[in-house]
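Chemist: Got a predicted model here, sequence first, then my questions.
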Amino acid sequence: MDLKIADIAVSTADREAVDAVLGPPPSGWEGGEHEVGVDDRVAYGGRAEAERRRHLLLPTLHAVQARSGWISPGALGYVCRRLIVPPAEAYGVASFYALFALAPRPPVVAHVCTDIACMTRGSGDLCAALERTVGPAGEHPQNGTSVWLESPCLGMCECAPAAMLTVAGEHPHEDVLAPASAEAIASALRGCAADARSDEALPQAGSPELRLLRRVGVVDPDSLDSYRSLGGYAALRRAVELGPAGIIREVSESKLLGRGGAAFPTGRKWDAVARNPVSPHFVVCNADESEPGTFKDRVVIERDPFALVEALTIAGFATGAEHGYVYLRGEYPLAWERLVGAIEQARARGLLGDDVMGGGWSFDIELRKGAGAYICGEETALFNSIEGFRGEPRNKPPFPVDVGLFGKPTVVNNVESLVNVLDIVIEGGPAFATVGTEQSTGTRLLCVSGCVERPGLYELPFGASLRALLELAGGVAGGRPLRAILLGGAAGSFVTPDQLDMELSFEGTRAAGATLGSGVVMVFDDAVDMVDVVLRIAAFFRDESCGQCVPCRVGTVRQQESLQRLAGGHARGSVADERALLDEIAVAMRDASICGLGQTAANAVESAVNALRIFEEVG
Amino acid sequence: MIVLWGSNAREAHPIFFHRVLKAVHHGARLYTVDPRRTSSAQWADVWLGLDVGTDVPLSNTIAREIIHAGLHNRDFVEHATAGFEEYARSVEPWTLEIGAQVTGVPAEAIRELAHTYARADRAEICWTLGITEHHNAVDNVVALINLALLCGHVGRWGSGVNPLRGQNNVQGGGDMGAIPNKLPGFQDIEQDAHARARFEAAWGAPLIPRYGWHLTQMFEAMERGELRAVYVIGENPAQSEADHKHTIELLEGLDHLVVQDMFLTHTAEMADVVLPAAAGWCESEGTVTNSERRVQRVRAALEPPGQARDDIEIILELARRLGHDWHYESAEQVWDELRSLSPMHAGMRYARLEAEGGLRWPCPDENHPGEHFLHARLWERPISGPRAPFSVVDHSPPVDTLSADFPLRLTTGRRLDSYNTGVQTGGYTSPLRRGEAIELSPEDAEHLGVVDDEVVRISSRRGSVEAPVRVDRGLRPGLAFMTLHFPDQVETNVLTIEATDPRSGTAEFKATAVRVDKIAVAGEPSAVAEPVAGKAR
């Protein structure tokens, strides 16, 4: 293709980082030494080759970011040459992701979570302390080697407040500090880093009632043998006996509904892809868990990574896919490490590869790391991200089962949905369906955080009450009065203390006008300023809107502005006028946005304004 | 699969290239064969950078590889072609190794092109002046046709051999008989006595049953003193012909020169009589025929300015003064006469051309929809008409040989925003236009100690010019490039050689041996060329 690449030299370090991903440049036309007699006689490239390479853009940008702490124009130009990508497009992709810097940034960066769960656990004080001791967020201290930035939810809500440290260089690494203190962060910024994280994520550990979490905390996540000794890979063996049609039958009869938020029947998805005559098929695990307050998939992957590998293998076998992807959010360094290890071991033991379990069929998994974009949790945005484009959602239809990843039929499932399949295959769909309620079968992972005595990941059969969950978690921290519970994350809604008898099931929450979403149960006591929480949610959606469609791009901004006016006590017109405007914005976003982000960006705000009556107190 | 061979279509045929890009976006593979890595080549899956003038060796090597790999279309060859055995024998020496040696293209790339072309479901070879501006132009063309015959990539939808026409109506010019050997509709003036008789009957005058001269032969006739008066319509030979100085001498030596043109070209400036003509595309009625043989209506939107007149009107008036009252009421009447004499245009009434957005010939009657592609007859069983012959062609290197005195191979071509001698494009500004320059490879520029914009002297065996340098990575050491867009600034054709193909009459503009000499004194700033946009004609 005809690329106009600025003539800016790439540093040796960046070049090596790129070459480590892509191999050495094949010719002088693609960034290598121009070889007279070779490069002036033949050149390969063109659109077909560009299309083949495009999916490598995101991993390559990650490599540069990790090596140098930012993506310089020279490095971007080299990436463009290597991948035959127009610079404007590569810039568009690089600038899409929050974890990539396109201006010089120090190698050591602390991303300090200021999202709602951490707000209830003192992130405000933490940031204030950092400002005093280190300096304002985003400003490079005198020696320019480090910086701290405010971050949206890091998915460490059970050990809030959280921070993630990224250290670029020859040996880049990422650490999580949770719970984090200003002192620990400041010391990490000075270079004395230490991964510090609480491991008390699983209050129910050891309980025989656990199903999805039964191995969590028991199995050695680095050992395939340990996984096997606890029943691992029995499901895959059983799945092969059942055959693809048998697996899909069991999954359909289990009535398993997707756990990512949309609650679509998993069996129908698998069946549609399995029957689709277009080839190849793909299976994709959506592990881009970014809904504020959600951390369930992280815990599962960190503590029981082989379960996901096995479940995805079954999905591939059932739907005729030989290639699977796991798209993991960029803020989960430990989960990444564990999953890399699990896939490698599975491959080494013939559980992935060209001849899985000697059965003559192929399946392998490629891991992809997100780079800080909430929207990439939307399935079609995730496909675009894997393919090397901006993570902007596509119009639906066509749906992924027809036109998914690389335009091919694709199953895309959340981590939790997939892991359920292991039990379904072993005990059979009908047996699985006896757990839970009529319409919500099985158990549900619930991410309990905020002002609660024992935050953490819980697993309950569908049908338990919100009150029971709250009691299991030890009630509101310090015995304070309950103000509100956010169900389903930022895209969910607030429920009030008088709704505690709500049944935690798809139908139960729906009846109460709420949603379980991604399983977020975030508790707020009466000391939390709910206006601040709502403003943070509005800021989150404004930041995370991909900007592709007008209702969302403009609506999330207008919503935030309106809330700011209400919070500041200077509503335009009356408070009632301003609330009418908020309603109107909500309707426009819900009706006209391309994807779920815009369609749900007003949910929590509306419920806070209407159910919690926050602005009636203020105004 | 599309092969652009000797064509920088992206710059020379930008509208056509849009179609190519569409195909590429839909998954077509694009190969380019060109000594330079042009902007078209940048879009290619594979670019093959052959040496100037080695098109026949490359084609023969590809053919041998296809035959040896058993990939030729045996059925088609047997059914529809003639002379395969002899052709196959003739290409036998052209192994990949020898082909690579002669053309400079790596054997693996030649092999890949051969296999991709032979295996393609549909494949098209498009060429332009990179094939035809050689002393062996016709050999080059038939060498490509051989490949199409070999694989059966002809006479089928989406396959074929396609010479890209340089103007909106080059095809129309030939169709209408503005060539020395054919009457309108490609009816041979010597061999087709019936056709000749029909024209004589219609025109009420006898026709000379002999081929005329083509442009090169006309200049030769001028040189011999046989051609003493010339009537030039819409051409600028004073600047477009190779070996510029000689051309001027010949034109100056004529008894009488008439030029009919929209512009006062350099040729017109030399003329005894200038007939100002209307602009064909907006000031006159008629038709044009584009590269896909589609005859399209053009309509007058404006009155011609000043004394300018429609071409038909000028010719009718000239005939009248010469004592012949050729009476035509309109361009349509002229066209209807053509339809009565040229069978392939017979079905193309004006009303149809308008209603159907143009028609592609042959269109023999008014119910015929026009043909999408030619030579489908080759696939008919039994074949109708003669078999398509293979032609044995041998390598014939460029006439202007490289030597120690003239070590660089200069090739010429076009740039996106200029056209030929600039008569039609010089009047418009373009943000891309930077005037004439000699483009050199980075290696040669370094070797010569010259940098961008430095003015150098370029000399060939015929003369020398000065031009600024532009370094282009798309050139290899030993290869240089110029255009003829800015003859007022740099008379490139002072350098080119008047070595013409005996059959097509085209000069070898693509292969000149030159030397480049530094002018600027070391240490002094070199002269910077002023852009000449708007000046050149």
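Modeler: Thanks, I have it. Numbers count the residues shown, from 1 in each chain, chains lettered A, B, ... in the order given.
Chemist: Quick check: residue B:368 vs chain A, distance?
Modeler: Distance from residue B:368 to chain A, counting by CB to the nearest CB, to the nearest Å: 38 Å. For glycine as for every other residue, the C-beta is placed from the backbone atoms N, C-alpha and C.
Chemist: where do the helices sit along the stretch 1-150 of chain B?
Modeler: B:9-12, B:14-25, B:55-68, B:74-80, B:84-91, B:96-103, B:107-119, B:129-132, B:137-151 (DSSP state H, counting those that start in this stretch).
Chemist: Who are the packing partners of the first one?
Modeler: What that stands for is helix B:9-12. helix B:14-25 (3 or more CB pairs under 8 Å, 6 or more residues apart in numbering or on different chains; DSSP states H and E).
Chemist: Pull out the buried positions in the helix it packs on.
Modeler: Within helix B:14-25, the residues scored as buried using 16 or more other CB atoms under 10 Å in any protein chain shown are B:16-17, B:20-21, B:23-24.
Chemist: What average pLDDT does that helix get?
Modeler: What helix B:14-25 shows for mean pLDDT is 94.
Chemist: Show me where the chain dips below the pLDDT cut-off.
Modeler: No chain was given, so I picked chain A. Counting by pLDDT under 70, chain A contains low-confidence ranges at A:141-142, A:193-195, A:198-201, A:617-619.
Chemist: look at chain B instead
Modeler: In chain B (pLDDT under 70), the answer is B:520-537.
Chemist: What's the local residue count around the residue in the stretch 451-600 of chain A that chain B sits nearest to?
Modeler: Taking CB to the nearest CB as the measure, the stretch 451-600 of chain A has residue A:548 as its residue closest to chain B, at 21.7 Å. When neighbours are defined as other CB atoms under 10 Å in any protein chain shown, residue A:548 has 19 of them.
Chemist: The one 4 residues further on too?
Modeler: Around residue A:552 there are 27 other residues, counting by other CB under 10 Å.
Chemist: in the sheet, who's paired with residue B:5?
Modeler: With DSSP bridges applied, the residues forming beta bridges to residue B:5 are residue B:33, residue B:127.
Chemist: Quick check, the residue in chain A closest to chain B?
Modeler: Closest point on chain A to chain B, by CB to the nearest CB, is residue A:40, at 3.3 Å.
Chemist: Remind me what the longest helix seen in chain A packs against, helices and strands.
Modeler: When chain A is parsed with DSSP state H, its longest helix is helix A:234-254. Helices and strands touching helix A:234-254, by 3+ CB pairs under 8 Å, 6+ apart, are helix A:266-275, helix A:305-319, helix A:415-427, helix A:429-433.
Chemist: after the longest one, next one along is what?
Modeler: Yep, that's helix A:305-319 we're talking about. strand A:321-328 (DSSP states H and E).
Chemist: Give me the angle between that next one and helix A:415-427.
Modeler: Angle of strand A:321-328 versus helix A:415-427, following axes from the mean of the first three to the mean of the last three CA atoms, to 10 degrees, is 130 degrees.
Chemist: tell me the contacts of residue 118?
Modeler: Picked chain A for this. A:153-154, A:157, A:160-162 (CB atoms under 8 Å, 6 or more residues apart in numbering or on different chains).
Chemist: Hmm, no, I was thinking of chain B.
Modeler: Shown in contact with residue B:118 (CB under 8 Å, 6+ apart): B:66, B:69, B:71-72, B:150-151.
Chemist: Give me the number of neighbouring residues for the nearest residue to it once chain neighbours are set aside.
Modeler: Excluding the flanking residues, the one nearest residue B:118 by CB to CB, 6 or more residues apart in numbering or on different chains is residue B:71, at 3.6 Å. Neighbour count of residue B:71, defined by other CB under 10 Å: 16.
Chemist: Please apply the same query to residue A:372.
Modeler: 18.
Chemist: swap in residue B:173?
Modeler: Neighbour count for residue B:173, taken as other CB under 10 Å: 15.
Chemist: Following element in sequence after whichever strand or helix holds it, please.
Modeler: Using DSSP H and E, the element containing residue B:173 is helix B:170-175. Using DSSP H and E, the helix or strand that follows helix B:170-175 in sequence is strand B:182-183.
Chemist: What is the next helix or strand after that following strand packed up against?
Modeler: Sequence order places strand B:187-188 as the next helix or strand after strand B:182-183, per DSSP H and E. Judged by 3+ CB pairs under 8 Å, 6+ apart, the packing partners of strand B:187-188 are helix B:193-203.
Chemist: Can you point out the buried residues in the helix it packs on?
Modeler: Within helix B:193-203, the residues that count as buried by 16+ other CB under 10 Å are B:195-196, B:198-199.
Chemist: Give me the residues contacting stretch B:226-237.
Modeler: B:213, B:215, B:218, B:221-222, B:247, B:251, B:254-262, B:265-267, B:271, B:277, B:311, B:420-421, B:423.
Chemist: From the residues you listed, list just the buried residues.
Modeler: Buried members of those, scored by 16+ other CB under 10 Å, are B:213, B:215, B:218, B:222, B:247, B:251, B:254, B:257-262, B:265-267, B:271, B:277, B:311, B:420-421, B:423.
Chemist: can you tell me which of the residues you listed are in strands?
Modeler: Counting by DSSP state E, the part of the buried ones among the contacts of stretch B:226-237 found in strands is B:257-261.
Chemist: re the thing from before, what helices and strands are in contact with the helix holding residue B:173?
Modeler: Applying 3+ CB pairs under 8 Å, 6+ apart, one finds that helix B:170-175 contacts strand B:286-289.
Chemist: Point out the other helices and strands that the helix or strand residue A:175 falls within packs with.
Modeler: Assigned by DSSP H and E, residue A:175 belongs to strand A:173-178. When contacts are defined as 3+ CB pairs under 8 Å, 6+ apart, strand A:173-178 packs onto strand A:163-167, helix A:182-189, strand A:196-197, helix A:333-348.
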